[in-house]
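K.L.:
From the sequence below, what's the structure:
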Amino acid sequence: MKTCIIYHSHSGTTRSVAEEVRDATGGDLIEVRLKEGHSSPVAYFLGLFRALTHGHNPIEPAQIDVSAADVIVIGTPVWTRRATPAITAAVDALEGGEGKRAVLFATCGAMAGDTLPALAGALTARGMRVDGEHVLTAADLRDGEAVKRLIADVMKTGEAP
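P.N.:
Next up is the predicted model:
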């Protein structure tokens, strides 16, 4: 089973989880980066505004081909109870995802709001089947069990429901 892990990380927390998933699954890791060259505080505040308005950030890579993967994992920090604009743009940049299984995770301090349902809706509209949604709070990350459940969801196989 070939896994592709796509993530955006501002502080490194989401990156750490994505790397754990990669290490456990042997999957390919794709970091979505902002094309704009803003300082960290400016990028964060522009990102918060764009998250509130469901906007996108210009990203690299501009296109993400997942046609060779069986499972696509998408990870995002939570900004204003939403996915980062970079991940919203990454979903739009996906190519070859129709019929694929997806597992989502969001890292946050305490509450994810509508982050994962909104991402799941966008992926479903693109013909993908979301087969797992995981909110990983700061407490979950300290405990480690939630990340193990995420990895188990990524690694499970079987027929579509």
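K.L.:
List the contacts of Gly27.
P.N.:
Applying Cβ atoms under 8 Å, 6 or more residues apart in numbering to Gly27 gives the contacts Lys2, Thr3, Cys4, Ile5, Val21, Ala69, Val71, Val73, Val154. In this view, the C-beta of every residue, glycine as well, is placed from N, C-alpha and C.
K.L.:
Might one say that the fourth one is in contact with Arg22?
P.N.:
Yes: shown here, Ile5 and Arg22 form a contact pair, counting by Cβ atoms under 8 Å, at 5.5 Å.
K.L.:
Next, show the common contact partners of these two.
P.N.:
The contact lists of Ile5 and Arg22 share Asp28, Leu29, where a contact means Cβ under 8 Å, 6+ apart.
K.L.:
Of these two, which one has the most company?
P.N.:
Ile5 (25 against 18; other Cβ atoms under 10 Å).
K.L.:
who touches the more buried one in this structure?
P.N.:
Ile5 touches Ala18, Val21, Arg22, Thr25, Gly27, Asp28, Leu29, Ile30, Val73, Ile74, Gly75, counting by Cβ under 8 Å, 6+ apart.
K.L.:
Against Ala110, how distant is it?
P.N.:
24 Å (Cβ to Cβ, to the nearest Å).
K.L.:
picking that back up, tell me the one among the contacts of Gly27 nearest to Thr88.
P.N.:
Using Cβ to Cβ, Val73 comes nearest to Thr88 of these, at 16.3 Å.
K.L.:
Quickly find the element holding that closest one.
P.N.:
Take DSSP states H and E as the rule and Val73 turns out to sit in strand 71-79.
K.L.:
In the protein, where is pLDDT below threshold?
P.N.:
Applying pLDDT under 70 to the chain picks out residues 36-57, 158-161.
K.L.:
Show me where it has its helices.
P.N.:
Using DSSP state H, the helices of the chain run over 13-25, 40-52, 85-93, 115-125, 138-143, 145-155.
K.L.:
Of the ones you listed, flag the one that's most buried.
P.N.:
Ranked by mean neighbour count, these are led by helix 85-93 with a mean of 23 (mean count of other Cβ atoms under 10 Å).
K.L.:
Put the alpha carbons of it into PDB.
P.N.:
Output in PDB follows, covering the C-alpha atoms of helix 85-93 (Å, rounded to 0.1, in the frame of the first residue of the first chain):
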ATOM      1  CA  PRO A  85      -5.000  28.400   3.500                       C
ATOM      2  CA  ALA A  86      -2.000  26.500   2.300                       C
ATOM      3  CA  ILE A  87      -3.800  23.200   2.900                       C
ATOM      4  CA  THR A  88      -7.000  24.500   1.300                       C
ATOM      5  CA  ALA A  89      -4.900  25.400  -1.800                       C
ATOM      6  CA  ALA A  90      -3.200  22.000  -1.600                       C
ATOM      7  CA  VAL A  91      -6.600  20.200  -1.800                       C
ATOM      8  CA  ASP A  92      -7.300  22.300  -4.900                       C
ATOM      9  CA  ALA A  93      -3.900  21.300  -6.300                       C
END
